[in-house]
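Undergrad: based on what follows, work out the 3D shape:
(2 chains)
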Amino acid sequence: MPEFNLIYTGLTITAVIAGVMGFVAYLILAERKLAAWVQDRLGPNRVGPWGLLQPIADGGKMFLKEEVIPGHVDKVFFVLAPIVSFSTALLAIAVVPVGGTVAPPAPAATVAEFQQAQAEYASHYSAVIQPGLDIGLLYVFAVGSLAVYGVILAGWSANNKYSLIGSLRSSAQIISYEIPLGMSIVGVLLFAGSLNLETIVAWQASHTWFVFYQPLAFLLFMVSVFAECNRLPFDLPEAEQELVGGYHTEYSSSMKLGLMLLAEYAHMITTSFLMSLVFLGGWSFFGLETLFADSPVVNALVKLAILGGKMTAFVFLFLLVRWTIPRFRFDQLMALAWKVMIPLALLHLLGAMLVRHFQLPGIVMTAISVGLFVAAGLVAVTQGGPNNAPRRPARKLPEGVPAGVTYIAR
Amino acid sequence: MPITENDVRWVAPPKLGLFEQLYLPVVVDGLTTTFGHMFHKTRTEQYPEQEPTLPPNYRGVHRLNRDAEGRVKCVACYMCATACPAHCIDIVAAPAPAAWKDREKYPETFVIDELRCIYCGMCEEACPVDAIELTTLYDLTGLSREQMIFDKEKLLSVFDTTTKAGTDPVRTKGGALGPASEAPPAK
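TA: Modelled structure (predicted):
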């Protein structure tokens, strides 16, 4: 653990929180603009040039609108739910590096070596609010799991059947997808040797990115992250067409709703950071990060730019997938988590254990990953459709009639 | 009567091959489509800087047409007032001035309540002499309800404005009035 320096930590906290909040505000605009461009139209462009002052208008609306607490809600939990959502989303950012970091040193054989390694570590500045936390990734998952309380409390306190069903579905979804979220990462941890995010990034900087070794783990993690953030194609709990807004039906568009929406975007940002750190090598980019190595400030900016670029690309992918893939039905969602992703994650973990135990070359890990993916596809093909299809025999259509015809006039 | 079993046709969903069951290639294909749409030309019309281009049969504000000599074409036959579903046309007929030899009556007052009107165009269809027409003026505003009750002078002024602007040309046939405007047979 490096020494606790109040000034550096205070500055880092301010910078990270301000950066994340600013990014969230403009992410709302970016989502609307991107949604518009995908749909062949312009987004908001009236408030300021190209709509750049729109987040300020939205923020102003959130702050200035009248706070309404309906009479039939459970007042304590109604107010508590957005607080829980938002604070857990922000807490998870505490161990996520946002720039260049140095890995904490491994355990040393003698006390002298230990002191020297710690002194050398303490002399670097790591761009993370809490550097050197050995349970880094576990902390992020634990705090992120607490966010489900915000959703449950919001749905329960609203005393409204749509909100209740929405929050129950959301909690079932989040809890189910926590499992492949964690399991897909364990394969990475076996290679890197530590839960600390800085160590994982340092391992990738010296070896290869984990996305090349374990593409299936990357895919499982990405899909689980989409489900954790209640993001399409997993946004059944908050879909307007389904549940009138789900668990945030009763929250009128004031600060409370603003906090819950901000929490959702903050989760997106945190998980995008995680994906780029754990699988895409964080601040390393095939040697580009050694540019300006003699000037530490510029080098730190280069690393920040690289990590920021990867994170933005993932956020952009979040936004784009929303307008590409239709929503999952709830039973399809649960079937995907329990019947497909958990077995795949387990088998992938088994493969990672075998590769590590027998010290096989990295390409074997890639082959196992890709092979499992194709094998899953083959299993799905042989099954011939989901098992909740109607079991009556499909009537054979006459010759030449295309599929889907249900009525043939005589 | 409930549907009998024989009338129910169960259709099987299409069989997915390996390429589709992997889901990922198809998703990537969808993403390229969506991504490609971002670079297409947008179809947004930036109102009010860009006015919409309206088809010539757009149903906007009414006007009373003039004929070639500048007289109002309307012969106060009450066809439009009868056809109007919203009963917003109010006509008071009077004998035509002596100088107007080709018609019997003319409208002394012709009032349309533009707020009651539903802009259906029935009056335009009903008129036998093509006197009343709906123009392409759509951005109609007024400061009071009384202001929006258009009388004959206002409707004629709409005619003068729109023909001068060239947006709504006169669509009638050469200026001749129809059979309803003929003088009664001489006894």
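
Undergrad: CA atoms for contacts and neighbours, from now on please.
TA: Will do.

Undergrad: mind checking which helix or strand the closest residue to chain B within the stretch 101-250 of chain A is in?
TA: At 9.4 Å from chain B, residue A:219 is the closest residue in the stretch 101-250 of chain A, using CA to the nearest CA. Residue A:219 is part of helix A:215-228 when elements are defined by DSSP states H and E.

Undergrad: give me the mean pLDDT for that helix.
TA: Averaging pLDDT along helix A:215-228 gives 93.

Undergrad: now what about it, what contacts it?
TA: Outside helix A:215-228, the residues that touch it by CA atoms under 8 Å, 6 or more residues apart in numbering or on different chains are A:173-174, A:177-178, A:180-181, A:184-185, A:187, A:211, A:232-235, A:271, A:275, A:279, A:318, A:341, A:345, A:348, A:366, A:369-370, A:372-373.

Undergrad: ranges for the helices of chain B?
TA: Secondary structure of chain B by DSSP state H: the helices cover B:18-21, B:24-37, B:79-83, B:122-126, B:152-165.

Undergrad: in a markdown table, list those helices along with mean neighbour count, mean pLDDT and distance to chain A.
TA: Formatted as a markdown table, the helices of chain B follow (neighbours: other CA atoms under 10 Å in any protein chain shown; pLDDT from 0 to 100; distance: least, CA to the nearest CA, whole Å):
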| stretch | mean neighbour count | mean pLDDT | distance to chain A |
| --- | --- | --- | --- |
| helix B:18-21 | 16 | 82 | 5 |
| helix B:24-37 | 15 | 91 | 5 |
| helix B:79-83 | 19 | 93 | 41 |
| helix B:122-126 | 19 | 89 | 36 |
| helix B:152-165 | 16 | 77 | 30 |
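
Undergrad: can I get these in TSV with distance to residue A:43?
TA: Output for the helices of chain B, formatted as TSV (distance: least, CA to CA, whole Å):
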stretch	distance to residue A:43
helix B:18-21	33
helix B:24-37	14
helix B:79-83	44
helix B:122-126	39
helix B:152-165	34
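
Undergrad: nearest approach to residue A:6 belongs to which of those?
TA: Closest to residue A:6 of the helices of chain B, according to CA to CA: helix B:24-37, at 45.3 Å.

Undergrad: so where's the stretch 151-300 of chain A shaky on pLDDT?
TA: A:238-246, A:253 (pLDDT under 70).

Undergrad: what's the nearest residue to residue A:65 if we skip its chain neighbours?
TA: Spatial nearest neighbour of residue A:65, excluding adjacent residues (CA to CA, 6 or more residues apart in numbering or on different chains): residue A:254 at 5.5 Å.

Undergrad: mind checking how far that neighbour is from residue A:261?
TA: With distances taken as CA to CA, to the nearest Å, residue A:254 is found 11 Å from residue A:261.

Undergrad: quick one: the helix holding residue A:219 to chain centroid distance?
TA: Counting by CA atoms, centre = their mean, to the nearest Å, helix A:215-228 is centred 8 Å from the centre of its parent chain.

Undergrad: how about the residue nearest the centre of chain A, secondary structure?
TA: In chain A, the residue lying closest to the centroid (CA atoms, centre = their mean) is residue A:271, at 2.9 Å. Here residue A:271 is recorded as helix under DSSP: H, G, I helix; E, B strand; the rest coil.

Undergrad: how far away is it from chain B?
TA: 20 Å (CA to the nearest CA, to the nearest Å).

Undergrad: swap in residue A:6?
TA: Computed as CA to the nearest CA, the residue A:6 to chain B distance reads 45 Å.

Undergrad: where do the strands sit along chain B?
TA: Taking DSSP state E, the strands of chain B run over residues B:62-64, B:89-95, B:105-113, B:132-134, B:149-150.

Undergrad: spatially central residue for chain B, please.
TA: Centroid check for chain B by CA atoms, centre = their mean gives residue B:59 as the closest residue, at 1.4 Å.

Undergrad: contacts only, for that one.
TA: Counted by CA under 8 Å, 6+ apart, residue B:59 has contacts B:119-121, B:134-136.

Undergrad: now the two most distant members of those.
TA: B:120 and B:136 (13.3 Å).

Undergrad: more crowded one of those two?
TA: residue B:136 (19 against 14; other CA atoms under 10 Å in any protein chain shown).

Undergrad: what about residue A:205, how many neighbours?
TA: By other CA under 10 Å, 19 other residues sit near residue A:205.

Undergrad: now for chain B, the helix or strand with the poorest mean pLDDT.
TA: Least confident helix or strand of chain B, by mean pLDDT, DSSP states H and E, is helix B:152-165 with a mean of 77.

Undergrad: how far does that one sit from the chain's center?
TA: When distances are taken as CA atoms, centre = their mean, helix B:152-165 is centred 16 Å away from the chain's centroid.

Undergrad: which helices and strands does the host helix or strand of residue A:348 pack with?
TA: If you go by DSSP H and E, residue A:348 is part of helix A:342-357. The contact analysis (3 or more CA pairs under 8 Å, 6 or more residues apart in numbering or on different chains; DSSP states H and E) places helix A:342-357 against helix A:161-192, helix A:215-228, helix A:362-383.
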